[in-house]
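Enquirer: Fold the stuff below for me.
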Amino acid sequence: MPKTLADIKKSLDGHLGKRLHLKANGGRKKTIERSGTLSDTYRAVFVVELDQDENAFERVSYSYTDILTEAVEITILDDDQSEAFTVK
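Expert: Numbering: from 1, shown residues only. Model prediction:
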C-alpha cells in the first residue's frame, strides 16, 4: 500500500489507459461502485472516464488523498477483466 501522495500518483501513472473498478465511500453507509478507464493524472487529482452504459455522466475525478484516507479503492483490471492491481 502506498504511503505518500507521490507514491500513489506514481503507481497510477503506470496504469494510464487501463480498465479499472472503483469503490468510493458515498457517505451514510453508502458505497458507490463504478467501472471505467483511467484517463489522466494531474498534480492533485486523477480522472476516470466512466462506462456510458452504466453511468449518467462521462467522467469523475478524485484526489490522491481520497485513496490515502481509504475513501476510494481502485482495482486495476487485466485485459481479461481479472484483478491485476489494487490501490487502497
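Enquirer: residue contacts, the residue nearest the centre of the chain?
Expert: The chain has Ile74 as the residue nearest its centroid, 4.2 Å off, counting by Cα atoms, centre = their mean. When contacts are counted by Cβ atoms under 8 Å, 6 or more residues apart in numbering, Ile74 is found next to 12, 20-23, 38, 67, 86-87. No exception for glycine: its C-beta is placed from N, CA and C like everyone else's.
Enquirer: Just flag the most distant two among these.
Expert: Leu12 and Lys23 (15.5 Å; Cβ to Cβ).
Enquirer: quick one, which of those two is more surrounded?
Expert: Using other Cβ atoms under 10 Å as the criterion, Leu12 and Lys23 rank with Leu12 on top: 22 against 15.
Enquirer: residue ranges with poor pLDDT in this protein?
Expert: Applying pLDDT under 70 to the chain flags the ranges 1-2, 54-55, 81-85, 88.
Enquirer: picking that back up, the residue nearest to the centre of the chain pairs with what?
Expert: Leu22, Val87 (DSSP bridges).
Enquirer: roughly how far apart are it and Val60?
Expert: 12 Å (Cβ to Cβ, to the nearest Å).
Enquirer: Asp80 now?
Expert: Taking Cβ to Cβ, one finds Asp80 at 25 Å from Val60.
Enquirer: If you count surrounding residues, which of these two has more?
Expert: Taking neighbours as other Cβ under 10 Å, Asp80 and Val60 compare with Val60 leading, 17 against 6.
Enquirer: Without its sequence neighbours, what residue ends up closest to the more buried one?
Expert: Val48 (5.4 Å; Cβ to Cβ, 6 or more residues apart in numbering).
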